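**Q** sequence-free structure coming up:
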DNA sequence: AAGACGAAAGTGGTTGA
DNA sequence: TCAACAACTTTCGTCTT
């Protein structure tokens, strides 16, 4: 039996074995971020059984399964043990009975704590599943995200913050660690967490858990963006070369990696005769056209590329 | 009409006194 | 803690294809 059947959520590239597989949420295709091979097989996906075909549908679906309230985890059905050492007639309890009641009280508190952590986790993991499936994040990223989230619980970082926000931040960190980064914008759009809050939670996590995250690399975005823009693998490779050349010339320091990826894709598209508009590219890279233009002008000028119009 | 261009003002985050 | 700063965004008028 193949590895994939035993563990349907995990996918590796059949060419190079890489686990950096971008799973296109709409089309059911996947693309390897290391060698650019596109796999058109139907996916066996561990995620939700539904498919969303546009943004509205996605946001509608995203509400499915969300309970109405989490404030009382068992909706008031649990038994309470009173603090007074008296029975129902108001009589004092025997010392043996008191000792037993004391033990019971302790256990009740313990089980309540455990079940609240469990409930938190159950909700968090289903939210992570949903997010990962919409963002096309493969299993290794989900695993990393869930480890981060669990550590955040241990460190009591969730208290006073929304579970959704912390899950989203964990996913963001995990995606960067696994070198399959998503932008804050993309994650924010696919969850009910605004960008600002997401950034705050992310910074809290990396600070409190002392996680070191590699600097975002523009090339990590290129294959995915190119795929979403229906560009050929060849053009994507040319874009990667452009970014590397720019890095060698020291043009990339302090610049938004997605902006650089966008500009290099724009140039590569023109050079290779697969032109896309600045607007299209800006949209998939979640930057503005202005940024695409600025980076593109810099690159063309500094790398001495002549762009045939 | 669509795309590309660039100026100007505004925003949120980082840095350094 | 505050101000200066760089990068990016928003907005908008103009030019090019």
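**A** Received the coordinates, thanks. Just so you know, these numbers come straight off a predicted model, no measurement behind them.
**Q** show me which residues of chain A sit near DNA strand C.
**A** Within chain A, the positions near DNA strand C by CB under 7 Å from any atom of the strand are A:254-256, A:259, A:286-291, A:294-295, A:309. (Each C-beta comes from the backbone N, C-alpha and C, glycine too.)
**Q** just the ones of the residues you listed in strands?
**A** Applying DSSP state E to those, no entry is found in strands.
**Q** next one: stretch A:258-273 to chain centre, how far?
**A** Counting by CA atoms, centre = their mean, to the nearest Å, stretch A:258-273 is centred 25 Å from the centre of its parent chain.
**Q** and it, is it in reach of DNA strand B?
**A** No: shown here: stretch A:258-273 not in contact with DNA strand B (CB under 7 Å from any atom of the strand), separated by at least 7.6 Å.
**Q** next: stretch A:182-196.
**A** Yes: Stretch A:182-196 reaches DNA strand B (CB under 7 Å from any atom of the strand) through residue A:196.
**Q** just the buried ones from the residues of chain A next to DNA strand C, in ChimeraX syntax?
**A** The following ChimeraX line selects those of the residues of chain A next to DNA strand C that are buried, judged by 16 or more other CB atoms under 10 Å:
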select /A:255,256,259,286,287,289,291,295
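**Q** least confident of the residues of chain A next to DNA strand C?
**A** Ranked by pLDDT, those bottom out at residue A:309, which has 53.
**Q** re the thing from before, with distance to residue A:142 added, can I get the residues of chain A next to DNA strand C in CSV?
**A** Formatted as CSV, the residues of chain A next to DNA strand C follow (distance: CB to CB, whole Å):
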residue, distance to residue A:142
A:254, 31
A:255, 30
A:256, 26
A:259, 28
A:286, 22
A:287, 27
A:288, 31
A:289, 33
A:290, 35
A:291, 30
A:294, 35
A:295, 32
A:309, 45
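**Q** among the residues of chain A next to DNA strand C, name the ones in helices.
**A** Using DSSP state H, the members of those that fall within helices are A:259, A:289-291, A:294-295.
**Q** what's the helix or strand for residue A:282?
**A** Taking DSSP states H and E as the definition, one finds residue A:282 inside helix A:278-285.
**Q** hmm, who's touching that helix?
**A** Residues from elsewhere that reach helix A:278-285, judged by CB atoms under 8 Å, 6 or more residues apart in numbering: A:183, A:221, A:225, A:228-229, A:258-259, A:261-262, A:265-266, A:269, A:288-289, A:291-293, A:296.
**Q** make it 10 Å
**A** By CB atoms under 10 Å, 6 or more residues apart in numbering, the list of residues contacting helix A:278-285 from outside reads A:183, A:185-186, A:218, A:221-222, A:224-231, A:256-266, A:269, A:276-277, A:287-293, A:296.
**Q** check stretch A:293-302 too.
**A** Here stretch A:293-302 has contacts from A:218, A:242-243, A:245-246, A:249-252, A:255-256, A:258-267, A:270, A:278, A:281-282, A:287-289, A:305-307, using CB under 10 Å, 6+ apart.
**Q** just the buried ones from those?
**A** For the contacts of stretch A:293-302, buried by 16+ other CB under 10 Å: A:218, A:242-243, A:246, A:251-252, A:255-256, A:258-267, A:270, A:278, A:281-282, A:287, A:289.
**Q** buried ones in stretch A:155-172?
**A** Quick answer for stretch A:155-172 (16+ other CB under 10 Å): A:157-158, A:163-172.
**Q** for residue A:13, grab phi and psi.
**A** Main-chain dihedrals, residue A:13, degrees, to the nearest 10: phi -70, psi 130.
**Q** okay, now it: neighbour count?
**A** For residue A:13, the neighbour count with other CB atoms under 10 Å is 19.
**Q** that one: what's it in contact with?
**A** Contact analysis of residue A:13 by CB under 10 Å, 6+ apart lists A:19-21, A:30-37, A:39.
**Q** now tabulate the residues you listed in TSV and tack on neighbour count, secondary structure and pLDDT.
**A** Putting these into TSV (neighbours: other CB atoms under 10 Å; DSSP: H, G, I helix; E, B strand; the rest coil; pLDDT from 0 to 100) gives the following:
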residue	neighbour count	secondary structure	pLDDT
A:19	17	coil	90
A:20	21	coil	92
A:21	24	strand	92
A:30	21	strand	89
A:31	24	strand	91
A:32	23	strand	93
A:33	24	coil	91
A:34	15	coil	89
A:35	16	coil	87
A:36	21	coil	87
A:37	17	coil	87
A:39	17	strand	83
